[in-house]
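>>> attaching a predicted model along with its sequence, questions to come.
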Amino acid sequence: MRLLTVGVGTLPGEAHAMGVEFAARGRRADEALDLLRLLWAGDERGVSHSGEFFSFTSLCSFPKPWNATTLPVHIGGSSPAAARRAGRRGDGYFPGGRLTPAQRASQAELMRTAAAEAGRDPAALEYTRWGSASLSEADVEAHARNGTTRLVVGPSSLDLAEQLAEISAFADRLKLPASRQASTSLQGARRRLLQGLHHAFSQVRRLTAACLVGGTGLTRSRDRHRAFTN
């Protein structure tokens, strides 16, 4: 995974189903974002935290982000609060699709202002938008002129072979470097997927065992698990 997008949700019923306070979802999300980065940076000795919503001691989380100590976190949403959260805690902003161009520009500026007020570099923040595999080079350039730094593009088909063909055609049309190395072989794609899953599960087994030996595993204490999830 190259990017994590976090939103607080808009439906009170979702919070009720999880047994949490809807009005506190923003503060809960802020603390959770800090904890994700704390856990990603931790090792088999675990990390500890005591906060408003989450408390745990010597907790470890595996697998880690691949070949990195953290993942870029973009805040998703379409409200001024989401834009401020992106500036204060995010690595970028992924705004909703129902905003007008003026609202997008206003929220992007609000994100940068919030970042500066928090002592962060506004220029380092990214701006993500939804795209489609039908985008032309002119469409991409128009997004870039409007401050977009990343486009999330997905295929429209549910068939794996058609998805590979659609994405490959998109990459070739825009002359993306990855298209020169990408294989459109369905068998090759499945093999790489299985290899990746095998590696991930092997890492989980090895590191979970290390955590348990050190007494820091999440599965070692149900009380710790409850403290983290409640």
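Everything's here; your move. Numbering: from 1, shown residues only.

>>> so who does Leu3 touch?
With contact set as CB atoms under 8 Å, 6 or more residues apart in numbering, Leu3 has these partners: 71-72, 74, 128, 150, 152. In short, each C-beta sits where N, CA and C put it, glycine included.

>>> could you check the pLDDT of it?
The predicted structure scores Leu3 at 83 on the pLDDT scale.

>>> Ser134 too?
The per-residue pLDDT reported for Ser134 equals 84.

>>> what are the boundaries of the helices in the protein?
12-18, 25-41, 80-89, 101-117, 137-145, 160-173, 186-214, 222-229 (DSSP state H).

>>> worst mean pLDDT among those?
helix 222-229 (a mean of 39).

>>> thinking again about what came up before, going by neighbour count, which of the contacts of Leu3 comes out on top?
His74 (23 neighbours; other CB atoms under 10 Å).

>>> I figured that residue hits Thr128, correct?
Yes. Counting by CB atoms under 8 Å, Thr128 is a contact partner of His74 at 5.3 Å.

>>> for the two, list the residues in contact with both.
3, 5, 92-94.

>>> farthest pair within these?
Spatially, the most separated pair among the shared contacts of His74 and Thr128 is Leu3 and Tyr93, at 12.1 Å (CB to CB).

>>> anything in contact with each of these two?
Joint contacts of Leu3 and Tyr93 (CB under 8 Å, 6+ apart) are 74, 128.

>>> in this structure Pro155 contacts Ser134, no?
No. Counting by CB under 8 Å, Pro155 stays clear of Ser134, with 10.6 Å between them.

>>> Ala32: what's it in contact with?
Here Ala32 is in contact with 6, 53-54 (criterion: CB under 8 Å, 6+ apart).

>>> burial of the nearest residue in space to Arg88 that is not next to it in sequence, as a residue count?
With CB to CB, 6 or more residues apart in numbering as the criterion, Arg88 has its nearest non-adjacent residue at 4.7 Å, and that residue is Ala118. By the criterion of other CB under 10 Å, Ala118 has 12 neighbours.

>>> can you check the one 5 residues further on too?
Ala123: 8 surrounding residues under other CB under 10 Å.

>>> distance of it from Gly42?
29 Å (CB to CB, to the nearest Å).

>>> try His16
Distance of His16 to Gly42, computed by CB to CB: 32 Å.

>>> who's more crowded, these two?
Applying other CB under 10 Å to His16 and Gly42 shows that Gly42 carries more neighbours, namely 19 against 11.
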